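A.B. asks: Sharing a sequence plus its predicted fold:
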Amino acid sequence: MAKKSVSVDYLTLAGIALCLLAVIGGNLLEGGHTDSLVQLTAFVIVMGGTTGAILVQTPLAVFLLAMRRLRWVVLPPPLGSGDTLSRITGWSRTVRRDGLLGLQKQAEKELDQFTRKGLQLLVDGSEPEDLRKILEVEIDSGMARELRAARVYEAMGGYSPTIGIIGAVMGLIHVMNNLADPAALGPGIAVAFVATIYGVGLANFFFLPISNKLKTLVDAQCRYREMLVDGMVAIAEGENPRVITSKLEGYLH
């Protein structure tokens, strides 16, 4: 199996750009300055506090998986359901011509671990019901693992607004401690309000959308693997390639 090319999700990039443009553009329309939205102290408080809270909550393996899955938001994993349908039909024709052992070479060349496992089970002559049970356990465990990674960003979206409020309170405390120094009032108030913007903005523009996007991709991957399972079970049951194609076309819609 040739490695599929990775496509860029330009809609996600457009959404991120539109979020930033809306905030920055609205600020400029109100007569504000872009510099007023850039506060390193506020960013450190919000991002540092949010990351720290997540590290307390999340096992290291889940956290690292979540960081790796971040690239899926812009570079989603290729599924190629249409191509997979033709491949499944090809496998069924191979089996009708050469028997189940005819899939051995294709199983050895397969890059996707899930597909390779299914093909190997076919080659080994597994019963259709056993084949389905084994692969469905694989789907369920994989989906649960990926959803745990997606929930890391969901939790970050819950923590960051509250930590932004903490940053705001810290800024106001700084202001109260320097009431006698008018020059220090402006920066303190700026940190207070910008920290709130960072907390709420990161949650609603990034963390929560990222979580929902990953959940959508996990669901699509699950449906794709269910299509593979149905196809492989049909092959194990000796169904006609045309019947298999008709049965699986529903997944493409």
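C.D. replies: Arrived safely, thanks for sending.

A.B. asks: all helices for this structure, in order.
C.D. replies: 10-29, 40-57, 60-69, 81-98, 104-109, 113-123, 128-177, 182-202, 208-236, 241-248 (DSSP state H).

A.B. asks: which strands and helices sit next to the fifth one?
C.D. replies: By that I understand helix 104-109. helix 113-123 (3 or more C-beta pairs under 8 Å, 6 or more residues apart in numbering; DSSP states H and E). For every residue, glycine as well, the C-beta is placed using N, CA and C.

A.B. asks: buried stuff in the helix it packs on?
C.D. replies: Neighbour counts using 16 or more other C-beta atoms under 10 Å place Phe114, Thr115, Arg116, Lys117, Gly118, Leu119, Leu121, Leu122, Val123 of helix 113-123 among the buried residues.

A.B. asks: any idea which of these is closest to Leu131?
C.D. replies: Leu121 (5.2 Å; C-beta to C-beta).

A.B. asks: from what I can see that closest one touches Arg132, true?
C.D. replies: No. Contact criterion C-beta atoms under 8 Å: Leu121 and Arg132 do not qualify, at 9.9 Å.

A.B. asks: who touches Leu214 in this structure?
C.D. replies: Arg69, Trp72, Val73, Glu146, Ala149, Ala150, Tyr153 (C-beta atoms under 8 Å, 6 or more residues apart in numbering).

A.B. asks: and of those residues, the nearest to Asp83?
C.D. replies: Using C-beta to C-beta, the contacts of Leu214 come closest to Asp83 at Trp72, 19.6 Å.

A.B. asks: Tell me which residues touch that closest one, please.
C.D. replies: Residues near Trp72 by C-beta under 8 Å, 6+ apart: Lys213, Leu214, Leu217.
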